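Chemist: below is the structure, and that's it, no one-letter string:
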Ligand code: ATP
(Lines give C-alpha, C1' and ligand atoms only; values in the text may rest on other atoms or scores of the structure.)
Protein backbone atom coordinates (compact mmCIF):
# COMPACT_ATOMS: atom_id res chain seq x y z
CA UNK A 1 0.00 0.00 0.00
CA UNK A 2 1.18 3.55 -0.75
CA UNK A 3 1.96 5.75 2.25
CA UNK A 4 0.31 9.06 1.52
CA UNK A 5 0.96 12.27 3.38
CA UNK A 6 -1.23 15.33 3.65
CA UNK A 7 1.37 17.33 1.73
CA UNK A 8 1.44 14.85 -1.16
CA UNK A 9 -2.31 15.12 -1.65
CA UNK A 10 -2.62 18.86 -1.12
CA UNK A 11 0.30 19.50 -3.51
CA UNK A 12 -1.19 17.24 -6.15
CA UNK A 13 -4.60 18.85 -5.66
CA UNK A 14 -3.11 22.31 -6.25
CA UNK A 15 -0.77 21.28 -9.05
CA UNK A 16 -3.43 19.53 -11.10
CA UNK A 17 -6.27 21.93 -10.42
CA UNK A 18 -8.46 20.02 -7.99
CA UNK A 19 -8.44 22.54 -5.14
CA UNK A 20 -7.10 26.07 -4.71
CA UNK A 21 -6.84 28.21 -1.60
CA UNK A 22 -9.65 30.75 -1.51
CA UNK A 23 -8.53 34.34 -2.30
CA UNK A 24 -5.04 33.06 -3.03
CA UNK A 25 -3.88 36.18 -4.88
CA UNK A 26 -4.58 38.13 -1.67
CA UNK A 27 -2.57 35.81 0.50
CA UNK A 28 -5.35 33.26 0.99
CA UNK A 29 -8.43 33.17 3.19
CA UNK A 30 -7.89 30.49 5.77
CA UNK A 31 -10.21 27.51 5.85
CA UNK A 32 -12.11 28.22 2.65
CA UNK A 33 -11.24 26.56 -0.65
CA UNK A 34 -12.12 26.81 -4.32
CA UNK A 35 -12.61 23.71 -6.42
CA UNK A 36 -10.82 23.86 -9.78
CA UNK A 37 -11.83 22.20 -13.05
CA UNK A 38 -10.94 18.70 -11.82
CA UNK A 39 -12.11 19.20 -8.25
CA UNK A 40 -15.50 20.44 -9.31
CA UNK A 41 -16.02 17.31 -11.43
CA UNK A 42 -14.92 14.97 -8.65
CA UNK A 43 -17.06 16.75 -6.08
CA UNK A 44 -20.05 16.73 -8.44
CA UNK A 45 -19.57 13.01 -9.06
CA UNK A 46 -19.48 12.29 -5.33
CA UNK A 47 -22.72 14.24 -4.90
CA UNK A 48 -24.31 12.59 -7.93
CA UNK A 49 -23.50 9.11 -6.57
CA UNK A 50 -24.96 10.03 -3.21
CA UNK A 51 -28.10 11.43 -4.85
CA UNK A 52 -28.40 8.41 -7.13
CA UNK A 53 -28.34 5.89 -4.30
CA UNK A 54 -30.21 8.00 -1.76
CA UNK A 55 -32.93 9.52 -3.95
CA UNK A 56 -33.06 8.33 -7.56
CA UNK A 57 -32.93 4.60 -6.87
CA UNK A 58 -35.40 4.72 -3.99
CA UNK A 59 -39.15 4.98 -3.91
CA UNK A 60 -39.20 6.13 -0.26
CA UNK A 61 -36.90 9.18 -0.36
CA UNK A 62 -37.43 12.57 -2.00
CA UNK A 63 -35.12 15.56 -2.40
CA UNK A 64 -35.13 19.13 -1.14
CA UNK A 65 -33.04 22.26 -1.58
CA UNK A 66 -33.75 24.65 1.26
CA UNK A 67 -32.33 28.14 1.81
CA UNK A 68 -29.07 28.77 3.64
CA UNK A 69 -30.73 31.71 5.40
CA UNK A 70 -33.54 30.72 7.74
CA UNK A 71 -35.47 32.44 10.50
CA UNK A 72 -33.45 32.82 13.68
CA UNK A 73 -36.18 30.93 15.54
CA UNK A 74 -35.19 27.78 13.63
CA UNK A 75 -31.85 27.75 15.44
CA UNK A 76 -33.41 28.67 18.75
CA UNK A 77 -35.86 25.77 18.48
CA UNK A 78 -33.21 23.30 17.30
CA UNK A 79 -31.00 24.16 20.26
CA UNK A 80 -28.12 25.38 18.11
CA UNK A 81 -28.19 28.92 19.45
CA UNK A 82 -27.70 27.60 22.95
CA UNK A 83 -25.58 24.51 22.59
CA UNK A 84 -23.93 24.34 19.16
CA UNK A 85 -20.64 25.16 20.79
CA UNK A 86 -17.14 23.77 21.14
CA UNK A 87 -14.92 24.28 24.18
CA UNK A 88 -12.20 26.80 23.34
CA UNK A 89 -8.96 27.49 25.21
CA UNK A 90 -6.41 30.21 24.53
CA UNK A 91 -2.69 29.87 25.14
CA UNK A 92 -1.42 32.73 27.38
CA UNK A 93 2.06 32.29 25.96
CA UNK A 94 1.42 32.50 22.20
CA UNK A 95 -2.25 33.60 22.08
CA UNK A 96 -3.23 30.73 19.79
CA UNK A 97 -6.73 29.31 20.23
CA UNK A 98 -7.61 25.62 20.30
CA UNK A 99 -10.55 23.30 20.48
CA UNK A 100 -10.05 21.56 23.82
CA UNK A 101 -11.80 18.28 22.93
CA UNK A 102 -9.51 17.76 19.92
CA UNK A 103 -6.19 18.20 21.76
CA UNK A 104 -3.98 15.16 22.33
CA UNK A 105 -2.78 16.69 25.59
CA UNK A 106 -5.30 19.10 27.18
CA UNK A 107 -2.48 20.98 29.01
CA UNK A 108 0.00 21.41 26.19
CA UNK A 109 -0.26 24.06 23.48
CA UNK A 110 0.31 22.41 20.06
CA UNK A 111 1.46 25.76 18.61
CA UNK A 112 4.25 26.78 21.03
CA UNK A 113 4.66 23.57 23.00
CA UNK A 114 4.25 25.17 26.45
CA UNK A 115 2.25 23.38 29.13
CA UNK A 116 -0.07 24.87 31.74
CA UNK A 117 -0.66 28.12 29.81
CA UNK A 118 -4.27 27.57 28.76
CA UNK A 119 -7.10 29.84 29.90
CA UNK A 120 -10.26 28.28 31.37
CA UNK A 121 -12.28 26.75 28.50
CA UNK A 122 -15.17 28.82 27.23
CA UNK A 123 -18.02 27.61 25.05
CA UNK A 124 -17.69 29.13 21.58
CA UNK A 125 -20.77 29.11 19.32
CA UNK A 126 -19.89 27.94 15.83
CA UNK A 127 -22.65 29.66 13.90
CA UNK A 128 -21.75 32.51 11.53
CA UNK A 129 -23.88 35.60 11.92
CA UNK A 130 -24.92 38.13 9.35
CA UNK A 131 -27.71 40.67 8.86
CA UNK A 132 -30.73 40.61 6.58
CA UNK A 133 -31.47 43.97 4.99
CA UNK A 134 -29.78 47.33 5.26
CA UNK A 135 -29.81 47.72 9.06
CA UNK A 136 -27.25 45.92 11.22
CA UNK A 137 -29.60 45.59 14.17
CA UNK A 138 -30.15 42.64 16.51
CA UNK A 139 -33.63 42.03 15.07
CA UNK A 140 -32.11 41.60 11.61
CA UNK A 141 -29.47 39.12 12.71
CA UNK A 142 -29.57 35.76 10.93
CA UNK A 143 -27.27 32.76 10.96
CA UNK A 144 -25.74 30.96 8.02
CA UNK A 145 -26.93 27.37 8.47
CA UNK A 146 -24.41 25.10 10.24
CA UNK A 147 -26.18 21.97 8.93
CA UNK A 148 -28.68 21.29 6.16
CA UNK A 149 -30.89 19.15 8.40
CA UNK A 150 -33.03 21.92 9.91
CA UNK A 151 -34.13 23.02 6.44
CA UNK A 152 -35.62 19.53 6.12
CA UNK A 153 -37.37 19.51 9.50
CA UNK A 154 -39.05 22.87 8.94
CA UNK A 155 -40.32 21.62 5.56
CA UNK A 156 -41.46 18.26 6.88
CA UNK A 157 -45.15 19.02 6.55
CA UNK A 158 -44.81 20.83 3.18
CA UNK A 159 -43.01 17.86 1.68
CA UNK A 160 -45.18 15.18 3.27
CA UNK A 161 -48.44 16.83 2.23
CA UNK A 162 -47.51 17.81 -1.32
CA UNK A 163 -46.01 14.41 -2.08
CA UNK A 164 -48.60 12.35 -0.13
CA UNK A 165 -45.85 10.49 1.70
CA UNK A 166 -46.47 7.68 4.16
CA UNK A 167 -44.08 6.52 6.87
CA UNK A 168 -41.37 5.45 6.62
CA UNK A 169 -39.93 8.02 4.21
CA UNK A 170 -36.88 10.20 3.86
CA UNK A 171 -36.01 13.71 2.70
CA UNK A 172 -32.54 14.24 1.31
CA UNK A 173 -30.55 17.40 0.77
CA UNK A 174 -27.12 18.42 -0.47
CA UNK A 175 -25.84 21.89 0.20
CA UNK A 176 -23.41 24.29 1.77
CA UNK A 177 -23.07 24.64 5.51
CA UNK A 178 -21.00 27.07 7.51
CA UNK A 179 -19.27 26.63 10.86
CA UNK A 180 -16.89 29.07 12.43
CA UNK A 181 -14.56 26.25 13.45
CA UNK A 182 -12.04 27.15 16.17
CA UNK A 183 -9.31 25.08 14.55
CA UNK A 184 -9.95 24.40 10.89
CA UNK A 185 -7.24 22.48 9.11
CA UNK A 186 -5.86 19.41 7.46
CA UNK A 187 -6.52 20.96 4.05
CA UNK A 188 -10.21 20.52 3.11
CA UNK A 189 -10.96 18.12 5.98
CA UNK A 190 -12.24 20.82 8.33
CA UNK A 191 -13.18 24.11 6.71
CA UNK A 192 -15.48 26.94 7.70
CA UNK A 193 -17.51 26.70 4.50
CA UNK A 194 -18.21 23.16 3.32
CA UNK A 195 -20.81 20.99 1.68
CA UNK A 196 -22.96 18.35 3.31
CA UNK A 197 -25.12 15.46 2.09
CA UNK A 198 -27.81 14.75 4.65
CA UNK A 199 -30.93 12.65 4.73
CA UNK A 200 -33.61 12.61 7.42
CA UNK A 201 -35.43 9.30 7.48
CA UNK A 202 -38.77 9.50 9.30
CA UNK A 203 -40.16 6.32 10.83
CA UNK A 204 -42.50 5.09 13.56
CA UNK A 205 -41.19 5.28 17.10
CA UNK A 206 -40.18 1.74 18.00
CA UNK A 207 -38.91 1.05 14.48
CA UNK A 208 -36.05 3.51 14.90
CA UNK A 209 -33.58 0.90 16.21
CA UNK A 210 -33.96 -1.24 13.12
CA UNK A 211 -33.73 1.68 10.72
CA UNK A 212 -30.68 2.99 12.54
CA UNK A 213 -28.88 -0.29 11.92
CA UNK A 214 -30.12 -0.37 8.33
CA UNK A 215 -28.69 3.06 7.58
CA UNK A 216 -25.40 2.39 9.34
CA UNK A 217 -24.91 -0.70 7.14
CA UNK A 218 -26.06 1.04 3.98
CA UNK A 219 -23.89 4.06 4.41
CA UNK A 220 -20.78 2.08 5.28
CA UNK A 221 -21.26 -0.01 2.14
CA UNK A 222 -21.70 3.09 -0.06
CA UNK A 223 -18.04 4.04 0.29
CA UNK A 224 -16.90 0.49 -0.41
CA UNK A 225 -19.08 0.28 -3.52
CA UNK A 226 -17.30 3.38 -4.78
CA UNK A 227 -13.93 1.75 -4.35
CA UNK A 228 -12.82 2.93 -0.91
CA UNK A 229 -10.56 0.38 0.71
CA UNK A 230 -12.37 -1.37 3.61
CA UNK A 231 -8.98 -1.60 5.39
CA UNK A 232 -9.04 2.19 5.69
CA UNK A 233 -12.55 2.30 7.10
CA UNK A 234 -14.13 1.53 10.43
CA UNK A 235 -17.34 2.15 12.31
CA UNK A 236 -17.24 3.83 15.70
CA UNK A 237 -20.20 4.08 18.05
CA UNK A 238 -20.30 7.23 20.21
CA UNK A 239 -20.09 6.94 23.97
CA UNK A 240 -23.07 8.38 25.84
CA UNK A 241 -21.16 11.49 26.99
CA UNK A 242 -20.14 12.23 23.38
CA UNK A 243 -23.65 12.29 21.91
CA UNK A 244 -25.10 15.49 20.43
CA UNK A 245 -27.93 17.13 22.34
CA UNK A 246 -30.54 15.57 20.04
CA UNK A 247 -29.20 12.03 19.72
CA UNK A 248 -29.79 8.74 21.53
CA UNK A 249 -27.32 6.87 19.38
CA UNK A 250 -24.66 7.82 16.83
CA UNK A 251 -22.22 5.78 14.81
CA UNK A 252 -19.47 7.39 12.77
CA UNK A 253 -18.06 6.04 9.56
CA UNK A 254 -14.37 6.76 10.01
CA UNK A 255 -11.51 6.84 7.56
CA UNK A 256 -7.82 6.34 8.21
CA UNK A 257 -6.56 9.79 7.20
CA UNK A 258 -2.81 10.49 7.09
CA UNK A 259 -3.07 11.82 10.67
CA UNK A 260 -5.19 8.93 11.99
CA UNK A 261 -8.81 7.83 12.20
CA UNK A 262 -11.33 10.61 11.69
CA UNK A 263 -15.00 11.07 10.83
CA UNK A 264 -16.41 10.88 7.32
CA UNK A 265 -20.06 10.62 8.21
CA UNK A 266 -22.25 10.38 11.28
CA UNK A 267 -25.43 8.30 11.44
CA UNK A 268 -27.58 9.51 14.31
CA UNK A 269 -30.87 8.58 15.90
CA UNK A 270 -32.32 12.07 16.38
CA UNK A 271 -35.52 10.62 17.91
CA UNK A 272 -38.47 13.03 17.63
CA UNK A 273 -36.42 15.87 19.08
CA UNK A 274 -36.43 18.24 16.10
CA UNK A 275 -40.06 17.87 14.99
CA UNK A 276 -41.22 18.21 18.59
CA UNK A 277 -39.11 21.33 19.14
CA UNK A 278 -40.32 22.98 15.92
CA UNK A 279 -43.93 22.15 16.79
CA UNK A 280 -43.57 23.75 20.18
CA UNK A 281 -41.73 26.83 18.95
CA UNK A 282 -43.73 27.49 15.78
CA UNK A 283 -47.16 26.45 17.02
CA UNK A 284 -47.61 24.27 13.90
CA UNK A 285 -48.65 20.69 14.57
CA UNK A 286 -45.91 18.64 12.93
CA UNK A 287 -47.22 15.30 14.13
CA UNK A 288 -47.92 12.60 11.57
CA UNK A 289 -51.49 11.40 11.22
CA UNK A 290 -51.78 7.64 10.90
CA UNK A 291 -55.12 7.00 9.17
CA UNK A 292 -55.16 3.25 9.80
CA UNK A 293 -54.88 3.55 13.55
CA UNK A 294 -56.42 7.00 13.73
CA UNK A 295 -53.59 8.44 15.83
CA UNK A 296 -51.18 11.34 15.71
CA UNK A 297 -47.56 11.12 16.74
CA UNK A 298 -44.12 12.59 16.15
CA UNK A 299 -42.08 10.34 13.84
CA UNK A 300 -38.58 9.34 14.90
CA UNK A 301 -35.69 10.32 12.67
CA UNK A 302 -32.57 8.50 11.57
CA UNK A 303 -30.04 10.82 9.99
CA UNK A 304 -27.05 9.82 7.87
CA UNK A 305 -25.02 13.07 7.65
CA UNK A 306 -22.00 13.05 5.38
CA UNK A 307 -19.62 15.74 4.22
CA UNK A 308 -19.40 16.08 0.43
CA UNK A 309 -16.13 18.01 0.49
CA UNK A 310 -14.61 15.79 3.19
CA UNK A 311 -15.65 12.63 1.35
CA UNK A 312 -14.17 13.96 -1.89
CA UNK A 313 -10.91 14.51 -0.03
CA UNK A 314 -10.98 10.97 1.38
CA UNK A 315 -11.51 9.48 -2.10
CA UNK A 316 -8.47 11.43 -3.32
CA UNK A 317 -6.34 10.08 -0.47
CA UNK A 318 -7.64 6.55 -0.93
CA UNK A 319 -7.12 6.60 -4.69
CA UNK A 320 -3.55 7.89 -4.55
CA UNK A 321 -1.15 5.11 -5.55
CA UNK A 322 2.54 5.00 -6.38
CA UNK A 323 3.87 2.10 -8.46
CA UNK A 324 7.27 1.23 -9.80
CA UNK A 325 7.21 0.86 -13.58
CA UNK A 326 10.54 0.33 -15.38
CA UNK A 327 12.45 1.80 -12.40
CA UNK A 328 10.26 4.88 -12.44
CA UNK A 329 7.54 5.89 -10.04
CA UNK A 330 4.14 6.01 -11.63
CA UNK A 331 1.52 7.98 -9.71
CA UNK A 332 -2.01 6.72 -10.35
CA UNK A 333 -5.18 8.14 -8.88
CA UNK A 334 -7.24 4.96 -8.73
CA UNK A 335 -10.64 6.57 -8.56
CA UNK A 336 -13.76 4.55 -9.29
CA UNK A 337 -14.88 5.20 -12.89
CA UNK A 338 -17.98 6.95 -11.65
CA UNK A 339 -15.93 9.40 -9.61
CA UNK A 340 -13.12 10.12 -12.06
CA UNK A 341 -13.26 13.79 -13.24
CA UNK A 342 -12.59 12.84 -16.85
CA UNK A 343 -13.62 9.41 -18.05
CA UNK A 344 -11.56 9.46 -21.22
CA UNK A 345 -8.63 11.45 -22.60
CA UNK A 346 -8.30 11.71 -26.35
CA UNK A 347 -4.65 12.07 -27.35
CA UNK A 348 -3.54 12.66 -30.94
CA UNK A 349 0.04 11.41 -31.18
CA UNK A 350 1.19 14.58 -32.90
CA UNK A 351 -0.08 18.10 -33.46
CA UNK A 352 -0.30 17.52 -37.21
CA UNK A 353 -3.70 18.54 -38.60
CA UNK A 354 -4.33 15.10 -40.08
CA UNK A 355 -4.32 13.67 -36.52
CA UNK A 356 -5.97 16.61 -34.78
CA UNK A 357 -8.98 16.40 -37.06
CA UNK A 358 -9.95 12.75 -36.29
CA UNK A 359 -9.08 13.29 -32.60
CA UNK A 360 -11.51 16.21 -32.47
CA UNK A 361 -14.15 14.13 -34.18
CA UNK A 362 -13.71 11.25 -31.70
CA UNK A 363 -13.71 13.66 -28.74
CA UNK A 364 -16.87 15.36 -29.98
CA UNK A 365 -18.67 12.05 -30.22
CA UNK A 366 -17.56 10.78 -26.81
CA UNK A 367 -18.35 14.14 -25.20
CA UNK A 368 -22.03 13.57 -25.77
CA UNK A 369 -21.87 10.92 -23.05
CA UNK A 370 -18.86 11.62 -20.87
CA UNK A 371 -16.47 14.26 -19.60
CA UNK A 372 -13.58 14.13 -22.04
CA UNK A 373 -10.22 15.84 -22.18
CA UNK A 374 -8.61 16.41 -25.55
CA UNK A 375 -4.92 16.90 -24.84
CA UNK A 376 -2.50 17.75 -27.64
CA UNK A 377 0.49 19.10 -25.73
CA UNK A 378 3.75 17.36 -24.68
CA UNK A 379 5.02 13.86 -25.36
CA UNK A 380 2.59 10.96 -25.23
CA UNK A 381 4.42 9.51 -22.19
CA UNK A 382 3.93 12.73 -20.24
CA UNK A 383 0.32 12.93 -21.27
CA UNK A 384 -0.29 9.37 -20.01
CA UNK A 385 1.37 10.28 -16.71
CA UNK A 386 -0.80 13.34 -16.30
CA UNK A 387 -3.99 11.34 -17.00
CA UNK A 388 -2.87 8.62 -14.56
CA UNK A 389 -2.30 11.24 -11.90
CA UNK A 390 -5.77 12.75 -12.29
CA UNK A 391 -7.46 9.35 -12.45
CA UNK A 392 -8.69 9.22 -16.06
CA UNK A 393 -9.72 5.56 -16.59
CA UNK A 394 -9.04 5.43 -20.34
CA UNK A 395 -6.79 7.17 -22.85
CA UNK A 396 -7.61 6.97 -26.55
CA UNK A 397 -4.58 7.60 -28.74
CA UNK A 398 -4.91 8.49 -32.40
CA UNK A 399 -1.72 7.79 -34.34
CA UNK A 400 -0.67 7.78 -37.98
CA UNK A 401 -1.82 4.21 -38.35
CA UNK A 402 -5.30 5.37 -37.41
CA UNK A 403 -5.47 7.12 -40.76
CA UNK A 404 -5.00 3.74 -42.40
CA UNK A 405 -7.01 1.38 -40.20
CA UNK A 406 -9.58 3.81 -38.77
CA UNK A 407 -8.75 2.48 -35.28
CA UNK A 408 -7.30 3.96 -32.08
CA UNK A 409 -5.33 2.59 -29.14
CA UNK A 410 -7.25 2.43 -25.87
CA UNK A 411 -5.07 2.36 -22.76
CA UNK A 412 -6.41 1.20 -19.42
CA UNK A 413 -5.29 3.38 -16.45
CA UNK A 414 -4.90 0.54 -13.95
CA UNK A 415 -3.40 -2.24 -16.04
CA UNK A 416 -1.77 -0.02 -18.67
CA UNK A 417 -2.92 -2.67 -21.16
CA UNK A 418 -3.49 -1.32 -24.66
CA UNK A 419 -6.03 -2.45 -27.17
CA UNK A 420 -6.75 -1.42 -30.73
CA UNK A 421 -10.39 -0.45 -31.22
CA UNK A 422 -12.10 0.82 -34.36
CA UNK A 423 -12.93 4.51 -34.08
CA UNK A 424 -16.55 3.89 -34.95
CA UNK A 425 -16.84 1.34 -32.15
CA UNK A 426 -15.19 3.43 -29.41
CA UNK A 427 -18.39 4.63 -27.77
CA UNK A 428 -19.77 1.09 -27.40
CA UNK A 429 -16.43 -0.35 -26.30
CA UNK A 430 -15.90 2.31 -23.63
CA UNK A 431 -19.56 2.29 -22.63
CA UNK A 432 -19.25 -1.40 -21.72
CA UNK A 433 -16.14 -0.72 -19.64
CA UNK A 434 -17.29 2.42 -17.85
CA UNK A 435 -19.62 0.98 -15.26
P1 LIG B 1 -16.68 17.27 14.26
O2 LIG B 1 -16.95 16.60 15.57
O3 LIG B 1 -15.56 16.65 13.48
O4 LIG B 1 -16.60 18.77 14.34
P5 LIG B 1 -19.42 16.81 13.73
O6 LIG B 1 -19.56 15.49 14.39
O7 LIG B 1 -19.89 18.02 14.41
O8 LIG B 1 -17.92 17.00 13.28
P9 LIG B 1 -21.62 16.53 11.99
O10 LIG B 1 -22.36 17.64 12.61
O11 LIG B 1 -22.04 15.13 12.32
O12 LIG B 1 -20.07 16.71 12.30
O13 LIG B 1 -21.60 16.77 10.43
C14 LIG B 1 -21.82 15.74 9.50
C15 LIG B 1 -20.68 15.67 8.50
O16 LIG B 1 -20.44 16.94 7.91
C17 LIG B 1 -19.34 15.27 9.11
O18 LIG B 1 -19.22 13.87 9.23
C19 LIG B 1 -18.37 15.82 8.09
O20 LIG B 1 -18.22 14.92 7.00
C21 LIG B 1 -19.06 17.06 7.60
N22 LIG B 1 -18.49 18.23 8.30
C23 LIG B 1 -18.83 18.73 9.51
N24 LIG B 1 -18.10 19.80 9.82
C25 LIG B 1 -17.25 20.01 8.76
C26 LIG B 1 -16.24 20.98 8.46
N27 LIG B 1 -15.98 21.96 9.29
N28 LIG B 1 -15.59 20.87 7.28
C29 LIG B 1 -15.87 19.88 6.40
N30 LIG B 1 -16.81 18.95 6.63
C31 LIG B 1 -17.51 19.00 7.79
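Modeler: Everything's here; your move. Just so it is clear, the model here is predicted, and its values are computed rather than measured.

Chemist: helices of the stretch 101-250 of the chain, residue ranges please.
Modeler: Under the criterion DSSP state H, counting those that start in this stretch, helices of the stretch 101-250 of the chain are mapped to 149-153, 156-162, 208-225.

Chemist: out of those, flag the one nearest residue 376.
Modeler: The closest of the helices of the stretch 101-250 of the chain to residue 376 is helix 208-225. By CB to CB, the value is 35.7 Å. From N, CA and C alone the C-beta is placed, and that goes for glycine too.

Chemist: circling back: mean pLDDT, mean neighbour count and distance to residue 309 added to the helices of the stretch 101-250 of the chain, as JSON lines?
Modeler: Shown next, in JSON lines, are the helices of the stretch 101-250 of the chain (pLDDT from 0 to 100; neighbours: other CB atoms under 10 Å; distance: least, CB to CB, whole Å):
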{"stretch": "helix 149-153", "mean pLDDT": "98", "mean neighbour count": "23", "distance to residue 309": "17"}
{"stretch": "helix 156-162", "mean pLDDT": "97", "mean neighbour count": "15", "distance to residue 309": "26"}
{"stretch": "helix 208-225", "mean pLDDT": "97", "mean neighbour count": "17", "distance to residue 309": "15"}
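
Chemist: do you know which of the ones you listed lies nearest the ligand?
Modeler: Closest to the ligand of the helices of the stretch 101-250 of the chain is helix 149-153 (CB to the nearest ligand atom; 8.6 Å).

Chemist: what's that closest one packed up against?
Modeler: Packed against helix 149-153 by the contact rule (3 or more CB pairs under 8 Å, 6 or more residues apart in numbering; DSSP states H and E) you find strand 169-178, strand 193-203, helix 273-282.

Chemist: redo those as JSON lines? Include mean neighbour count.
Modeler: Shown next, in JSON lines, are the helices and strands packed on helix 149-153 (neighbours: other CB atoms under 10 Å):
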{"stretch": "strand 169-178", "mean neighbour count": "21"}
{"stretch": "strand 193-203", "mean neighbour count": "23"}
{"stretch": "helix 273-282", "mean neighbour count": "18"}
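
Chemist: next, the closest residue to the ligand within the stretch 1-150 of the chain: phi, psi?
Modeler: Using CB to the nearest ligand atom, the closest approach of the stretch 1-150 of the chain to the ligand is made by residue 147 at 5.9 Å. Backbone geometry at residue 147, expressed as degrees, to the nearest 10, gives phi -160, psi 160.

Chemist: okay, and the beta partners of the residue lying closest to it once chain neighbours are set aside?
Modeler: Residue nearest to residue 147 in three dimensions, not counting chain neighbours: residue 177, with 5.5 Å by CB to CB, 6 or more residues apart in numbering. Under DSSP bridges, the beta-bridge partners of residue 177 are residue 194.

Chemist: what residues does the stretch 151-300 of the chain have near the ligand?
Modeler: Proximity of the stretch 151-300 of the chain to the ligand, by CB under 6 Å from any ligand atom, involves residues 179, 181, 190-191, 194, 196, 263-266.

Chemist: if we can go back for a sec, nearest to residue 303 among the helices and strands packed on helix 149-153 would be which one?
Modeler: With respect to residue 303, and counting by CB to CB, the nearest of those is strand 193-203 at 5.4 Å.

Chemist: just want the angle from the closest one to helix 273-282.
Modeler: Counting by axes from the mean of the first three to the mean of the last three CA atoms, to 10 degrees, strand 193-203 lies at 90 degrees to helix 273-282.

Chemist: now for strand 193-203, which elements pack on it?
Modeler: Applying 3+ CB pairs under 8 Å, 6+ apart, one finds that strand 193-203 contacts helix 37-51, helix 149-153, strand 169-178, helix 208-225, strand 300-307, helix 308-319.

Chemist: which residues are in contact with the longest one?
Modeler: Just to be clear, that refers to helix 208-225. The list of residues contacting helix 208-225 from outside it, by CB atoms under 8 Å, 6 or more residues apart in numbering, reads 49-50, 53, 168, 201, 203, 230, 233, 235, 249, 251, 253, 264-265, 267, 269, 271, 300-302, 304, 306, 311, 314.

Chemist: quick revisit: would you reformat the helices and strands packed on helix 149-153 as JSON lines and include mean pLDDT?
Modeler: Shown next, in JSON lines, are the helices and strands packed on helix 149-153 (pLDDT from 0 to 100):
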{"stretch": "strand 169-178", "mean pLDDT": "98"}
{"stretch": "strand 193-203", "mean pLDDT": "98"}
{"stretch": "helix 273-282", "mean pLDDT": "97"}
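
Chemist: quick one, what contacts the spatially most central residue of the chain?
Modeler: Geometric centre of the chain, nearest residue: residue 308, 1.4 Å, by CA atoms, centre = their mean. Contact partners of residue 308, counting by CB under 8 Å, 6+ apart, are 43, 46-47, 50, 174, 194-197.

Chemist: mind checking how far residue 427 is from residue 364?
Modeler: The gap separating residue 427 from residue 364 is 11 Å, by CB to CB, to the nearest Å.

Chemist: follow-up on the earlier one: including distance to residue 30, could the helices and strands packed on strand 193-203 go into TSV?
Modeler: Below are the helices and strands packed on strand 193-203 laid out as TSV (distance: least, CB to CB, whole Å):
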stretch	distance to residue 30
helix 37-51	18
helix 149-153	26
strand 169-178	14
helix 208-225	29
strand 300-307	18
helix 308-319	15
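
Chemist: thinking again about what came up before, the residue of the stretch 1-150 of the chain closest to the ligand contacts residue 306, doesn't it?
Modeler: No - Residue 147 is beyond contact range of residue 306, at 11.6 Å (criterion: CB atoms under 8 Å).

Chemist: now do the shared contacts for those two.
Modeler: In contact with both residue 147 and residue 306: 196, 198, using CB under 8 Å, 6+ apart.

Chemist: between the two, tell me which one has more neighbours.
Modeler: A direct count of neighbours by other CB atoms under 10 Å for residue 147 and residue 306 places residue 306 higher, at 24 against 20.

Chemist: ok, for the more buried one, nearest residue in space, not its chain neighbours?
Modeler: Here the nearest residue to residue 306 in space, its sequence neighbours aside, is residue 265; by CB to CB, 6+ apart that works out to 3.8 Å.
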